Every structure is written in C-alpha cells, then in structure tokens.
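A.B. asks: Using only what follows, build the 3D model:
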Amino acid sequence: MLRKLLQPFYTAYVLLSFVVCLLAAFPFFVLISIGNNIAARKAIYTIIRYWSEAWLWLIGMPVKRLGPKPPKGKYVVVANHISYMDTLVIFPGIPSYFRALGKKEISKIPVLGYVYKQIIVPVDRSKANSRAKSMRLMWRVLKYESNIVIFPEGTFNENPSLPLKDFYDGAFRLAINAQTPILPMILVDTVDRWHYSHWWKLWPGKNRIVYMQPVEVSGLHLADVPALKQKVFEQMEAELRKYRQYV
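C.D. replies: I've put the predicted structure just below:
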C-alpha cells in the first residue's frame, strides 16, 4: 500500500531530474558532436558514463558490480534485456568505451534522440538492408574504435518464467567475423527498478551487474554460430538463476 502511494511521487522525481539534467547538458553535447569523429563520440560517452552513475545514485538506484573484472581488450558485450533502465545502467557497468546497437526509431525523440544517435549504431530490424549495414558498421567500430554492446534477445523478455528470450544470431556472427571475444554480463535488478509493463513503474533499489568470463571465438567460423550462441545462452541463463527466482 505504501509503495502504491509513494510510487507516483518517486516516478515524478526520477523523470524530472532526468529531464533537467538532459536539458542542462544538451548544449555541451551539441558542441562536442560538431566534431563527428571518434574523439567526439568518446567525449560524449565519458560524460554520459559519469553522469549516469551519479544520477543513478541520486535517485536511489546505485550500480553494484559483481564478478571478475574483464581483462583489457575489445569485446562484443552481450547482456540480457529486461527494462528501459538497461540502456543507462550499462554505461557505469561497462568499464571501457563502447557503442551499442540501438533501435533507429528512438533517434526521432526530441533532444534525447539527438544524444542517442551520437553514441549508438542504429538499426531498423524490419529492413534487411538496415541490418546488413549495421553489421558492417559494427565490424568497423570493433576494428578501429571500441567495444560493441548488443542485447541479443532484441527486445524485453516479458516471460517471468524464463530468464531469457531466444537470442538472435547477430552478436555471434559479428564476434566470429571480427574474431573478437564475447563478454557476457547479466543485469539482475533493472526490471525491479523500472518495469517494462508501464512507464511509471519506477522504484529505488540496487542495480547489480554481473561480469562473466569472456568467451573466445578464435578459429571459429560462421558455421559455428548456432553452437556459440547456445553456449553463451546457457551460461547467461545459469548465471541469472543464481540471482533470481523464476516461476
């Protein structure tokens, strides 16, 4: 009952603080993005990383990192997707610069969309040419710029009885094509912080991120994609079951 009474006020506080911070930082993002190069994107990433960690603490959703810290190097980072909050929590959660595969339509949102498109690799999943183009761009990003982050489920897992939805092939094809190891990690609590079912279902608490051991892909070929995908799926599923109960 108390949560039901307080949730609207807490949600208003979270959304208002986010909008105020975004509008305050927006002129700086515009100025930095004029460069339209790796240095500019990295500067925007750095601002977002430190801001998001501070903001999450301010709203009572601090990030807690668990598991072995990933060795230095480039990775295709894969994580489960259970909340709108995932896209913010990954910034303090991943220890080095990255770009993420993101839905192209979000870039149409005023102000937020402008910042969003500076740091993501856009994809329109409904169009084959867009998916192919994003795969080529991600390969170049891995080779010349940074880590790539992909949510291999593609969208929220809305089945409370299962830890994960089936994975798409893209992250695993990319890792093999680029001969870049996969870094699995799990987001344990974001669904409890901001439930996917309603935009107003926000509630404070910890945000645990669990790093897992990198998965090597050296010597693998595209024929190995199904086995690699299944291996990572099973590892992430087992890890999630250590932290959450499923009906």
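A.B. asks: The longest helix along the chain: how far from the chain's middle?
C.D. replies: The longest helix of the chain (DSSP state H) is helix 2-33. Relative to its chain's centre, helix 2-33 lies at 19 Å (C-alpha atoms, centre = their mean, to the nearest Å).
A.B. asks: quick one: strands adjacent to the worst-scoring helix or strand of the chain on mean pLDDT?
C.D. replies: Lowest on mean pLDDT, DSSP states H and E among the helices and strands of the chain sits strand 120-123, with a mean of 82. Partners of strand 120-123 in the sheet, by DSSP bridges, are strand 98-103 (parallel).
A.B. asks: average pLDDT across the partner strand?
C.D. replies: The average pLDDT within strand 98-103 is 88.
A.B. asks: which one is P68 nearest to, not counting chain neighbours?
C.D. replies: Y211 (5.8 Å; C-beta to C-beta, 6 or more residues apart in numbering). C-beta: built from backbone N, CA, C; applies to glycine.
A.B. asks: and Y246, how many residues sit next to it?
C.D. replies: With neighbours defined by other C-beta atoms under 10 Å, the count for Y246 comes to 11.
A.B. asks: where does it land in three-state SS?
C.D. replies: coil (DSSP: H, G, I helix; E, B strand; the rest coil).
A.B. asks: Neighbours of the residue nearest to it when sequence neighbours are not counted, how many?
C.D. replies: Spatially, and ignoring its direct neighbours in sequence, Y246 is nearest to S161 (5.5 Å; C-beta to C-beta, 6+ apart). Other residues within reach of S161, judged by other C-beta under 10 Å, total 6.
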